[in-house]
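>>> Need the 3D shape of this:
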Amino acid sequence: MTRILLLHPGAMGSSLGKNLVENGHEVLWVSENRSAETEDRAEQNQLTQTNTLAEAMPRVEVVLSVCPPENAIEVGRAVADAEFKGTFCDANAIAPTTAQTLLDIFGERYVDGGIVGPPPRSHGHTRLYLSGPNAHQISNLFESSRVQVEVLRNEALSASAMKMCYAAYTKGSAALILGIRALAEHHGVSDALFEEWSRSQQSLWDRSERIGPGTSRKAWRFAPEMREIAKTFEGAELPPGFHEAAAEIYSRMSSLKHEEGVETGIVLQHLLKRSTTKS
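Just a heads-up that it's a prediction; the model follows:
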């Protein structure tokens with residue numbers, strides 16, 4: 001059994017934690033400054049509560065960070081400041097240049113990670129990419145679980161690069177399609193676009209109708225991820241502008257975080273910065 005500290009049990013993190021618990025490991029989480037919703041998720045997934053980071057540190061051998069990308073460095077530094085001596089795995093959607101900061105902090109104890117797919121509640125849908133000298137230590141924790149682990153044998157930060165490349169298309173193209181729908185709405189040609197896509201791009205309109213409702217509650221997380229992707233393009237001396245624009249698309253949707261059943265029309269109004277107040 002390995003004792004693992006999970007920071008923090010959101011939808012993805014708590015599901016990863018449950019897989020680890022089912023594999024016979026003890027998974028701790030820190031309740032300080034966390035919401036009642038987070039506490040409920042942790043309890044449902046059989047995670048062990050600790051009050052503070054300092055309380056957890058002497059008890060664990062591995063720290064797994066699953067948080068919004070803009071908080072990845074802050075979380076890593078807090079763990080280092082607590083004098084953690086074990087393996088630190090960051091599984092967030094961050095650029096390799098951001099991951100390099102964590103590598104500088106933890107050295108060979110750092111494992112780079114990137115998650116592709118939904119929370120792992122069934123087999124065959126969620127992959128955890130890992131890289132770095134201790135990648136197999138993390139991989140072994142998930143052996144025979146619902147998480148498919150892929151260890152990349154290239155550079156130490158290959159897992160972050162892989163995640164950025166994958167999300168650059170999936171979430172980037174979704175932002176592009178929403179932007180196009182908003183543009184058509186602005187110019188009053190939505191009906192004409194529907195007819196043309198029905199003829200020449202048969203599945204695109206249906207996809208565009210799913211994207212808005214499907215991403216509205218998650219857009220607040222997607223915006224910083226797009227900025228990390230833009231940083232990744234820039235680091236490769238490629239144009240970062242497309243994903244900077246995608247970040248703006250998702251930023252305009254961020255106020256929909258707590259809204260249920262959002263229709264495409266409401267999403268387009270947010271993108272066009274039009275009032276959505278009902279008369």
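>>> So the closest residue to Val21 other than its chain neighbours, which state does it fall into?
Closest residue in space to Val21, ignoring its immediate chain neighbours: Gln46 at 4.8 Å, by CB to CB, 6 or more residues apart in numbering. Glycine gets a C-beta too; all of them are placed from N, C-alpha and C. Secondary structure assignment for Gln46 (DSSP: H, G, I helix; E, B strand; the rest coil): coil.
>>> Gln46 and Val151: what is the separation?
Counting by CB to CB, to the nearest Å, the gap from Gln46 to Val151 is 27 Å.
>>> Need the pLDDT of the residue nearest to Val21.
Per-residue pLDDT puts Gln46 at 96.
>>> Run a quick neighbour tally on it.
14 (other CB atoms under 10 Å).
>>> what residue ranges in the stretch 151-279 of the chain are flagged as low confidence?
Within the stretch 151-279 of the chain, the stretches with pLDDT under 70 are 275-279.
>>> Repeat the analysis, applying 80 as the threshold.
The stretch 151-279 of the chain contains residues with pLDDT under 80 at 154, 275-279.
>>> So which residues of it form helices?
Secondary structure of the stretch 151-279 of the chain (DSSP state H, counting those that start in this stretch): helices at 158-187, 190-200, 204-215, 219-235, 241-252, 264-271.
>>> hey, which of those helices is tucked in deepest?
Comparing those by mean neighbour count (mean count of other CB atoms under 10 Å), helix 219-235 ranks first with a mean of 22.
>>> So which elements touch that helix?
helix 96-106, helix 158-187, helix 241-252 (3 or more CB pairs under 8 Å, 6 or more residues apart in numbering; DSSP states H and E).
>>> Touching the shortest one from outside, list them.
Taking CB atoms under 8 Å, 6 or more residues apart in numbering as the criterion, the residues outside helix 96-106 that touch it are 69, 72-73, 76-77, 80, 88, 90, 110, 112, 132, 156-157, 160-161, 164, 228, 231-232, 235.
>>> quick revisit: which one of the helices and strands packed on helix 219-235 lies closest to Ser122?
Counting by CB to CB, Ser122 lies closest to helix 158-187 out of those; the figure is 19.3 Å.
>>> Which one of the helices and strands packed on helix 219-235 lies nearest to Leu20?
Going by CB to CB, the one of those nearest Leu20 is helix 158-187, 18.0 Å.
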